[in-house]
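1. Sequence and predicted model, in that order:
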Amino acid sequence: ELGQRLYNIEGRTILFTRAGEIALRYAKRLSGLETELFQHMVDLTGLKRGRISLGTIDAASIYVLPEVFSRFRERFPGIEVKLEISSTMMLVQKMDSGQLDLVIGTIPEEAGDGYEIFPIYAEPLVVIAPPEHPLSAGGAVSAGSLSGYPFISFHEGSITRRIVERALAVKGVSPLIAMAIDSPEAIKHLVSSGLGLSALPERVVQGELRSGSLASIEVEGLRMERRLGLIIRSERYISATARAFLGVMDEVMEVGLPPRLLQREEGTRGPER
């Protein structure tokens with residue numbers, strides 16, 4: 001109607017113009033509002049049925065949340081949990097566009113405006129290697145000893161990768177990234193196969209360290225830690241189903257979330273935001 005071209009087609013690629021990018025941004029916001037409207041209507045029916053769209057990182061879905069999912073299913077069998085597993089930044093983008101209600105992921109070192117973040121727990125990151133690796137012989141090694149060895153890391157842009165790279169940079173080490181993949185389970189297998197070193201959350205590698213399929217390397221003066229947390233949009237309506245899930249999570253994990261985010265009584269609606 002305004003005569004603005006929204007996109008150009010070059011071969012098999014669609015390239016959005018500036019007007020197209022603006023239109024796409026508003027279309028995503030409208031889609032998010034439609035989802036919120038649906039959630040408002042569902043809330044009027046109580047917690048007998050409904051859906052929650054939850055985004056979480058791979059490690060949290062395997063090692064942290066299963067007990068929460070189990071208890072939530074027992075308490076609210078009619079509510080479907082739609083689970084999206086990806087990197088924290090990708091999940092936050094999907095939450096921004098209204099595709100996800102909540103994100104449980106690695107807390108970014110610098111969070112933008114418009115978000116509320118509630119820490120769940122902190123966990124140390126450990127350097128791992130195959131048991132036969134020269135640095136696995138025992139005893140602490142200098143950070144410089146890691147130089148020259150291939151490193152298997154998360155993809156560029158990963159918060160955990162930035163934490164590791166910054167900690168090593170303080171020690172004057174720039175890891176030689178040989179492979180990048182966003183699955184900690186895949187990283188463990190690649191490291192145990194002798195393809196490189198890596199740094200992963202301690203709880204993710206506990207089983208392999210006990211069995212001897214992986215070894216940890218103690219690096220002098222190197223302390224790495226990542227924090228897992230709940231990330232929500234500040235202005236976003238939190239549905240009754242989402243509050244019910246957060247109530248169960250708070251109960252199981254003793255997070256200490258504010259009461260306005262919780263819904264512990266079935267069929268009782270919390271305050272609207």
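-> Everything's here; your move.
2. just checking, residue 81 touches residue 55?
-> No. Taking C-beta atoms under 8 Å as the contact criterion, residue 81 and residue 55 are not neighbours in contact, 11.4 Å apart. For every residue, glycine as well, the C-beta is placed using N, CA and C.
3. Which of the two has more residues huddled nearby?
-> Taking neighbours as other C-beta atoms under 10 Å, residue 81 and residue 55 compare with residue 55 leading, 27 against 16.
4. So what pairs up with that one in the strands?
-> Counting by DSSP bridges, residue 55 is bridged to residue 84, residue 103.
5. give the contact list for the residue most central in space within the chain.
-> When the chain is reduced to its mean C-alpha position, the closest residue under C-alpha atoms, centre = their mean turns out to be residue 105, at 2.7 Å. Counting by C-beta atoms under 8 Å, 6 or more residues apart in numbering, residue 105 touches 55, 56, 57, 60, 87, 88, 91, 92, 159, 228, 229, 231.
6. mind running it again at 7 Å?
-> Contacts were defined as C-beta atoms under 7 Å, 6 or more residues apart in numbering; by that measure residue 105 touches 56, 57, 88, 91, 231.
7. if you go through the chain in chain order, where are the strands?
-> For the chain, the strands identified by DSSP state E occupy 7-10, 13-16, 50-56, 79-85, 102-106, 115-129, 150-153, 176-180, 198-201, 215-217, 225-233, in order along the chain.
8. Can I get the ones you listed in CSV including distance to residue 169 and mean pLDDT?
-> Listed next are those as CSV, based on distance: least, C-beta to C-beta, whole Å; pLDDT from 0 to 100:
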stretch, distance to residue 169, mean pLDDT
strand 7-10, 39, 76
strand 13-16, 36, 77
strand 50-56, 28, 92
strand 79-85, 29, 94
strand 102-106, 18, 95
strand 115-129, 15, 94
strand 150-153, 13, 97
strand 176-180, 13, 96
strand 198-201, 13, 97
strand 215-217, 18, 96
strand 225-233, 16, 94
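9. Would you mind giving these as a markdown table with distance to residue 144 added?
-> A markdown table is the format used below for the strands of the chain (distance: least, C-beta to C-beta, whole Å):
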| stretch | distance to residue 144 |
| --- | --- |
| strand 7-10 | 47 |
| strand 13-16 | 45 |
| strand 50-56 | 36 |
| strand 79-85 | 36 |
| strand 102-106 | 27 |
| strand 115-129 | 13 |
| strand 150-153 | 14 |
| strand 176-180 | 13 |
| strand 198-201 | 16 |
| strand 215-217 | 13 |
| strand 225-233 | 22 |
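10. partner residues bridging residue 123?
-> With beta bridges defined as DSSP bridges, residue 123 has these partners: residue 226.
11. Make sure it is actually in contact with residue 204.
-> No. Judged on C-beta atoms under 7 Å, residue 123 makes no contact with residue 204 at a distance of 8.6 Å.
12. list the buried ones in stretch 255-265?
-> Buried residues in stretch 255-265, counting neighbours by 16 or more other C-beta atoms under 10 Å, are found at 255, 257, 261, 262, 263.
13. nope, stretch 151-168 is what I meant
-> By neighbour count with 16+ other C-beta under 10 Å, stretch 151-168 contains the buried residues 151-154, 158-165, 167-168.
14. One more: stretch 63-73?
-> Within stretch 63-73, judged by 16+ other C-beta under 10 Å, the buried ones are 64, 65, 68, 69, 72.
15. for those, which one is nearest residue 142?
-> Distance from residue 142 was checked for each of the buried residues of stretch 63-73 by C-beta to C-beta. The minimum falls on residue 64, at 33.0 Å.
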